[in-house]
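Novice: The sequence and its predicted three-dimensional model are supplied below.
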Amino acid sequence: MSCVAARGVWKGYRVGPQRVEVLRGVDLEAGFGEVVAVVGPSGSGKSTLLHLISTVDYPDRGSIFHLGKKVLKSEEWRAKWRRHNVGVVFQSLQLIPTLTVLENVMLPMELVGMPPHKAKLRAKMLLERLGLGDKLERYPTELSGGEQQRAAVARALANSPKILVADEPASNLDKGNRRLVASIIREFADSGGCAIVSTHEEEIVAVADAVCALEGGRLNCRR
Ligand SMILES: Nc1ncnc2c1ncn2[C@@H]1O[C@H](COP(=O)(O)OP(=O)(O)OP(=O)(O)O)[C@@H](O)[C@H]1O
């Protein structure tokens, strides 16, 4: 059983009268303990693929498997599955502007019933690890782009997911923080999960077990 698999995945969008096929039969496999980096030029479909792998979106054809189970089309099923099993760093981050950084990271834990005092301890620990220990009470708009990005990584790890899906999580970071995020992703996978990460950054590629290049709607992986 693999941690994450994509089999024959197709996804396209309607643009006016036309249909553009972005993914044309993508296969991907991530074992437990693995980091898979997805690389490719802007517009090649990395975010499209990661939305499918994270279960935020659903393929037109083909299937995604998580922990050996086929991801179902029902949005309700996918939302519940994600809440418990998948940590997602969106390219657009999607931090909640009306909550502090600490509250943003606590929220996923509270949604699965963790008592607030425990959620707070874990959120603090994660934010300190990501170098945001002195920004806990700030609101997202009061943070730099790179700080927001690190807060989004902390939030994705909050529920100790089995699967981490991160869309360019290091794109706004300086070298030191790119290394930090890369090592946190590596440690996450080493503890038994798997991470699928789109990136242009060599620090992330350096910790990957497989590098998959997306081009012309197809994915070519080398290990
Ligand atoms: N909702 C949408 N409707 C129409 N076209 C879309 C939509 N979302 C993405 N696309 C198109 O699909 C293609 C792939 O987009 P995607 O965002 O997946 O690429 P990407 O590799 O993540 O790019 P980047 O590195 O710039 O973030 C692009 O040509 C984009 O214009």
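Specialist: That came in fine, so what should we check first?
Novice: Which neighbouring elements make contact with the top helix by length along the chain?
Specialist: Longest among the helix segments of the chain by residue count, using DSSP state H, is helix 175-190. Under the contact criterion of 3 or more C-beta pairs under 8 Å, 6 or more residues apart in numbering; DSSP states H and E, helix 175-190 touches strand 35-39, helix 145-157, strand 163-167, strand 194-198, helix 202-206. Using the backbone N, CA and C atoms, a C-beta is placed for each residue, glycine as well.
Novice: okay, the angle between it and strand 163-167?
Specialist: Angle of helix 175-190 versus strand 163-167, following axes from the mean of the first three to the mean of the last three C-alpha atoms, to 10 degrees, is 150 degrees.
Novice: now helix 175-190, how far from the centre of its chain.
Specialist: Remark: helix 175-190 is offset 13 Å from the chain centroid, using C-alpha atoms, centre = their mean, to the nearest Å.
Novice: Pull out the buried residues from it.
Specialist: By neighbour count on 16 or more other C-beta atoms under 10 Å, the buried set for helix 175-190 is Asn177, Arg178, Arg179, Leu180, Val181, Ala182, Ile184, Ile185, Arg186, Phe188, Ala189.
Novice: Switch the helices and strands packed on helix 175-190 over to CSV; also include mean pLDDT, mean neighbour count and distance to Asp134.
Specialist: Shown next, in CSV, are the helices and strands packed on helix 175-190 (pLDDT from 0 to 100; neighbours: other C-beta atoms under 10 Å; distance: least, C-beta to C-beta, whole Å):
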stretch, mean pLDDT, mean neighbour count, distance to Asp134
strand 35-39, 98, 25, 29
helix 145-157, 97, 23, 10
strand 163-167, 98, 26, 24
strand 194-198, 98, 27, 27
helix 202-206, 96, 17, 24
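Novice: Make CSV from these and add distance to His66 to it.
Specialist: Shown next, in CSV, are these (distance: least, C-beta to C-beta, whole Å):
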stretch, distance to His66
strand 35-39, 14
helix 145-157, 15
strand 163-167, 6
strand 194-198, 10
helix 202-206, 22
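Novice: Quick one: closest of those to Val86.
Specialist: Closest approach to Val86 among the helices and strands packed on helix 175-190 (C-beta to C-beta): strand 163-167, 4.8 Å.
Novice: Give me the three-state assignment for Ala170.
Specialist: coil (DSSP: H, G, I helix; E, B strand; the rest coil).
Novice: near the ligand, which residues of the chain?
Specialist: Neighbours of the ligand within the chain, by C-beta under 6 Å from any ligand atom: Tyr13, Val15, Val22, Gly40, Ser42, Gly43, Ser44, Gly45, Lys46, Ser47, Thr48, Gln91.
Novice: Please list only the buried members of these.
Specialist: Buried among the residues of the chain next to the ligand (16+ other C-beta under 10 Å): Val22, Gly40, Ser44, Gly45, Lys46, Ser47, Thr48, Gln91.
Novice: What about those, which are in strands?
Specialist: Val22 (DSSP state E).
Novice: from the buried ones among the residues of the chain next to the ligand, which is closest to Ala30?
Specialist: Checking those one by one against Ala30 (C-beta to C-beta), the nearest turns out to be Lys46, at 15.2 Å.
Novice: My guess is the closest one contacts Val197. True?
Specialist: No. Using C-beta atoms under 8 Å, Lys46 makes no contact with Val197, being 9.8 Å away.
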